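Undergrad: here is a sequence together with a model predicted from it:
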Amino acid sequence: MQLFNSISTTVFDVLLAPFGHGVALFDLILWPALLGVMAILVYKAVSNQAALTRVKSQISMRLLEIRLFSHDIVQVLKSTGSILWKNTIYLGNHMIPMAVMIVPFMAVMAQLVANYAYAPSPTGAVELLHVKLDPESGVSSQDVQLAIPDGVALEVPAVKTADGQVFWRLRADEPGDHVLSVFVGDEIYEKHWAVGGDDRKIPTRRLRGIESFLYPSEPTLPAGGPVLSMEMDVHSRSLPFLPDGELGVVLWTLILSLGAGFAVKGVFGVTI
């Protein structure tokens, strides 16, 4: 997963924000629209277009039978059962295109969220750093320590729980991209904290395993290590005409990509 995230991030760090991160709408229009067009092309290439056309016609015929023979309960039940079966076939024909598209679609969405859903913490903000340990690692929360850089202050001593969670309350005294060093036994794990300054890609969570695919801003945690997750409180970025933060970017990407796909399906002669 780390290799995939590294490649994805390297590519999109070049492609995204050609006019700076302050101009979010350019990428939030361009990339969802491209995803919609790409989805239609993939759909045409890998789906059984003849089967889709045929099954849609058969469903329409069965619906017409229900209208024409509404007085015949037996025929209505037979037509309804046929519709349910044909719908199953219809949905099955969508599975391969969806399987092909899911990884690139989610990768682009994760990059858009990382670049445009969050804002830097304001200078003077007090945020929570949360580290969660793997209970099977044998490492205790008492073995975890934090080193903070200049410009960051510890508000109160760490809270360490018996189930392997550690919380630090930190204050951002100076702007910058601060690096927080978490010592777990003999190992060091870094967590970045963006404070003040211009809009930019904001690190939020470091995870291990497949879930880290959704948070490409920082390296994936080692699969065999004792740390399950590292999370820093973040602020949602306000975007015009969209809900704030991650929800707005995700909804916008879904809606615009679907709209773009349906807008061009006739141009490419695609049956959906």
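TA: Perfect, thanks for sending it.
Undergrad: so His178 sits in a strand?
TA: Yes: the assignment for His178 by DSSP: H, G, I helix; E, B strand; the rest coil puts it in a strand.
Undergrad: so that it lines up with my notes, have the first residue be 9 from now on.
TA: In the new count, where the first residue is 9, that last one comes out as His186.
Undergrad: that one contacts His200, doesn't it?
TA: Yes: if you go by C-beta atoms under 8 Å, His186 and His200 touch, sitting 7.0 Å apart. Yep, even glycine has a C-beta here, placed from its N, CA and C like the rest.
Undergrad: who has more neighbours, these two?
TA: When neighbours are counted by other C-beta atoms under 10 Å, His186 comes out ahead of the other of His186 and His200, with 21 against 17.
Undergrad: now for that one: which residues touch it?
TA: 156-157, 159-160, 180, 200-203 (C-beta atoms under 8 Å, 6 or more residues apart in numbering).
Undergrad: show me how to select, in PyMOL, the buried members of the residues you listed.
TA: Buried subset of those, written as a PyMOL selection, criterion 16 or more other C-beta atoms under 10 Å:
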select buried, resi 156+159+160+180+200+201+202+203
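Undergrad: determine which two of the contacts of His186 are furthest apart.
TA: Ile156 and Ala202 (15.0 Å; C-beta to C-beta).
Undergrad: and the helices in the stretch 159-280 of the chain, which stretches?
TA: 253-272 (DSSP state H, counting those that start in this stretch).
Undergrad: now for Asn95: which residues touch it?
TA: By C-beta under 8 Å, 6+ apart, the neighbours of Asn95 are Ile67.
Undergrad: please enumerate the strands of this protein.
TA: Counting by DSSP state E, the segments of the chain that form strands are 126-127, 134-141, 152-155, 160-168, 173-180, 184-192, 195-203, 213-215, 235-240, 243-244.
Undergrad: direction included, what does the second one pair up with?
TA: Each strand that strand 134-141 pairs with, and the sense of that pairing, follows from DSSP bridges: strand 173-180 (antiparallel), strand 235-240 (antiparallel).
Undergrad: mind checking the longest helix of this structure?
TA: Counting by DSSP state H, the longest helix found in the chain is helix 81-124.
Undergrad: centre of the chain versus that one, how much separation?
TA: 19 Å (C-alpha atoms, centre = their mean, to the nearest Å).
Undergrad: report the angle between that helix and helix 253-272.
TA: Relative orientation of helix 81-124 versus helix 253-272 (axes from the mean of the first three to the mean of the last three C-alpha atoms, to 10 degrees): 120 degrees.
Undergrad: count of neighbours near the nearest residue to Val167 once chain neighbours are set aside?
TA: Using C-beta to C-beta, 6 or more residues apart in numbering and skipping the chain neighbours, the partner closest in space to Val167 is Phe175 (4.4 Å). Neighbour count for Phe175, taken as other C-beta under 10 Å: 15.
Undergrad: now swap in Val45 and tell me
TA: 18.
Undergrad: that one and Leu92: what is the separation?
TA: 33 Å (C-beta to C-beta, to the nearest Å).
Undergrad: quick one on the thing from earlier: Tyr98: which of the strands of the chain is closest?
TA: Shortest separation from Tyr98 across those is recorded for strand 213-215, at 36.5 Å, computed as C-beta to C-beta.
Undergrad: contacting residues around the closest one?
TA: 197, 199, 220, 223, 226-229, 236-240.
Undergrad: farthest pair in these?
TA: Farthest pair in the contacts of strand 213-215, by C-beta to C-beta: Thr228 and Met240, 16.2 Å.
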